[in-house]
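**Q** Dropping a prediction and its sequence here:
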Amino acid sequence: MRKPRLMAPGPAPVPEEVLLEMAKPVIHSRDPRTKQGIKEAVEGLQEILKTKSDVAILAATGTGAMEAAAIHAVPPGKKALVLNAGWFGLRWLKICQAHGIEAETIDFEWGQPVDPDRVSQALKGRDDIAVVMGTLSETSTGTGHPIEAIGKVVAETDALFAVDGISGVGAMECRADDWKIDFLCIGSQKALMLPPGLAFVTVSPKAWAVIDSFEPKAFYFGLKAARKKLADWDTPYTPAHTLIFGLNKSLSMIKAEGIERVWARHKTMSEACQAGIKALGLELFSARPAEGLTAFYVPEGLKDSDVRKKLDDRFGITIVGGQDKVKGKILRMGHMGYNDEVDVVGALAALEMVLAELGHEFEPGAGVTAAQRVLIGQGSPVGAS
């Protein structure tokens, strides 16, 4: 009997309570209960995102939220500055190019965090930069970027700050208002514990001032239309209301635990997974690991596809490989949302068995033991002395 265990950095597992909520009979999309659901969702998102800004709900994936932000952030004659440190940082650039938005990049080595000082230098004397586009958790490399520090730098200028929080929000600390984030873009299928299909974008007062200064070329992703309908707890076009009802269930679970405790739990799971990986003689890929996934190099002499296939065939565990320039070089294990500490220990135990079968040499039980030491408070986080 094969039991599926989703340990990818998205989509992530969906709780049974959320699935049952979405399995209820479908009501009309403009039913008063739908409007009440939208109101509850917006207010719940504002609470966990630590923001008082408007939150637009889109029937899309997280990339739709990024596209909406890009379209509205750059008036004619202005430019975007993209912080490119991975496959999804590069997505900002591709979105700009698709819409004819002039963009420059600051390029960073994959696996390394963005340096706020380089951002500061790039913005000096540049009143033509309308928006800085960054990433909270770079899913392709397993790297968490210093968004709070970057936000302080950007806030000293007239530029807006747009952040891809798709694989980070709900798994690592993110305070949209305090960190001066003007557009925070999110997808439903990661730490928010939903299937794919919903996207969210926060819009700060500073961002609205820019948006209202020109006519963005947007239709389906038009934020002005979204704002108008949001005043009546509605959406411009058909809402994915069954997903919204599911979202409210998942948000209630997050709020019951407390978002700060959710962040702490993910931090502990991340440190445990990192400790387990290193104890198996494997090398972490990121210099500043994100808290919703762990990326590590494929053991020498092995193929990433063989590791992934054996994990799936024997244990039903899904992890993923690398993308673009790190394809075939790294493996990525997710631990976000509905994943818990036992999932991490179990995945490490399965990884040990698969690696042993493939000929990788290590002390049996080393990874599990190292992870458990972190979880019971006896081990030092990776990188600590």
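**A** Yep, that arrived. Residues are numbered from 1 along each chain as shown.
**Q** shaky segments in the chain?
**A** Residues of the chain that meet the criterion pLDDT under 70 lie in 378-385.
**Q** 80 instead?
**A** Low-confidence segments of the chain, defined by pLDDT under 80: 1, 378-385.
**Q** what residues go with each domain of it?
**A** Structural domains of the chain, as assigned by automatic domain parsing, span the residue ranges 5-9+259-375, 16-256.
**Q** chain center to the longest one, what's the gap?
**A** Going back to what we said before, that points to domain 16-256. Taking Cα atoms, centre = their mean, to the nearest Å, the mean C-alpha location of domain 16-256 is offset from the chain mean by 10 Å.
**Q** want to throw the domains of the chain into a markdown table with mean neighbour count?
**A** All C-beta atoms are positioned from the backbone trio N, CA, C, and that covers glycine. Below are these laid out as a markdown table (neighbours: other Cβ atoms under 10 Å):
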| stretch | mean neighbour count |
| --- | --- |
| domain 5-9+259-375 | 20 |
| domain 16-256 | 20 |
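**Q** okay, how far is it across stretch 210-228, tip to tip?
**A** 17 Å (Cα to Cα, to the nearest Å).
**Q** List the contacts of that stretch.
**A** The contact list for stretch 210-228 (Cβ atoms under 8 Å, 6 or more residues apart in numbering) reads 54, 56-58, 60, 64, 67-68, 71-73, 75-76, 99, 130, 160, 201, 203, 208, 235-237.
**Q** For the helix or strand harbouring Thr63, which outside residues touch it?
**A** Under the assignment given by DSSP states H and E, the secondary-structure element containing Thr63 is helix 62-73. Counting by Cβ under 8 Å, 6+ apart, the neighbours of helix 62-73 from elsewhere in the structure are 56, 58, 80, 91-92, 95-96, 99, 101, 130-131, 133, 160, 162, 164, 166, 182-183, 185-187, 189, 199-201, 203, 207, 210-211, 216-218, 221, 223.
**Q** Tell me where the stretch 1-150 of the chain has helices.
**A** When assigned using DSSP state H, counting those that start in this stretch, the helices of the stretch 1-150 of the chain occupy the ranges 16-22, 32-49, 62-73, 87-98, 116-123, 147-155.
**Q** center of the protein - which residue?
**A** For the chain, the residue nearest the mean C-alpha position is Ser167 (1.4 Å; Cα atoms, centre = their mean).
**Q** got the angle between the host helix or strand of Ile186 and helix 87-98?
**A** For Ile186, the enclosing helix or strand under DSSP H and E is strand 183-187. If you take axes from the mean of the first three to the mean of the last three Cα atoms, to 10 degrees, strand 183-187 sits at 110 degrees to helix 87-98.
**Q** show me what contacts the nearest residue to Val326 once chain neighbours are set aside?
**A** What sits nearest to Val326 in space, not counting adjacent residues and going by Cβ to Cβ, 6 or more residues apart in numbering, is Trp110, at 6.3 Å. With contacts defined as Cβ under 8 Å, 6+ apart, the neighbours of Trp110 are 85-86, 140-141, 143, 325-326.
**Q** do the same with Leu192
**A** For Leu192, the contact set (Cβ under 8 Å, 6+ apart) comprises 169-170, 186, 247, 250-251, 254, 337.
**Q** rerun at 10 Å
**A** Contact criterion Cβ atoms under 10 Å, 6 or more residues apart in numbering gives 12, 14, 18, 45, 48, 166, 169-171, 186, 198, 200, 246-247, 250-251, 254, 336-337 as the residues in contact with Leu192.
**Q** Over to Ala272?
**A** 294, 335, 341, 344-345, 348, 367-368, 370-376, 379, 381-382.
**Q** let's see 8 Å
**A** For Ala272, the residues meeting the contact criterion (Cβ under 8 Å, 6+ apart) are 341, 344-345, 370-372, 374-375, 379.
**Q** Give me the subset of these lying in helices.
**A** When DSSP state H defines the helices, the subset of the contacts of Ala272 inside them is 341, 344-345, 370-372, 374-375.
**Q** now, the most widely separated pair of those residues?
**A** Of all pairs drawn from the ones in helices among the contacts of Ala272, the greatest distance, 13.5 Å, lies between Glu341 and Ala370 (Cβ to Cβ).
**Q** Show me the strands in the stretch 151-300 of the chain, by range?
**A** If DSSP state E, counting those that start in this stretch is used as the criterion, the strands of the stretch 151-300 of the chain fall at 160-164, 183-187, 198-203, 293-297.
**Q** In its sheet, which strands sit next to the longest one, and in what direction?
**A** When pairs are called by DSSP bridges, strand 198-203 turns out to pair with strand 54-59 (antiparallel), strand 183-187 (antiparallel).
**Q** what does the first one give?
**A** Partner strands and pairing direction for strand 160-164 (DSSP bridges) are strand 129-135 (parallel), strand 183-187 (parallel).
**Q** Just send those back as CSV, with distance to Gly37 too.
**A** CSV is the format used below for the strands paired with strand 160-164 (distance: least, Cβ to Cβ, whole Å):
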stretch, distance to Gly37
strand 129-135, 30
strand 183-187, 18
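**Q** Which of the ones you listed sits closest to Ile330?
**A** For these, distance to Ile330 was read as Cβ to Cβ. The smallest value, 17.2 Å, belongs to strand 129-135.
**Q** Report the inter-axis angle for the closest one versus helix 62-73.
**A** An angle of 160 degrees separates the directions of strand 129-135 and helix 62-73 when computed by the same axes, to 10 degrees.
**Q** Val344 against His335, yeah?
**A** Yes - under the criterion of Cβ atoms under 8 Å, Val344 is in contact with His335, at a separation of 5.2 Å.
**Q** what sits in contact with each of those two?
**A** If you check Val344 and His335 against Cβ under 8 Å, 6+ apart, the residues they both contact are 269, 273.
**Q** Not counting stretch 98-108 itself, show me its contacts.
**A** 67, 70-71, 74, 78-85, 92-93, 95-97, 114-115, 118-119, 122, 129, 133, 217.
**Q** Quote the end-to-end distance of stretch 76-85.
**A** With Cα to Cα as the measure, what separates the two termini of stretch 76-85 is 26 Å.
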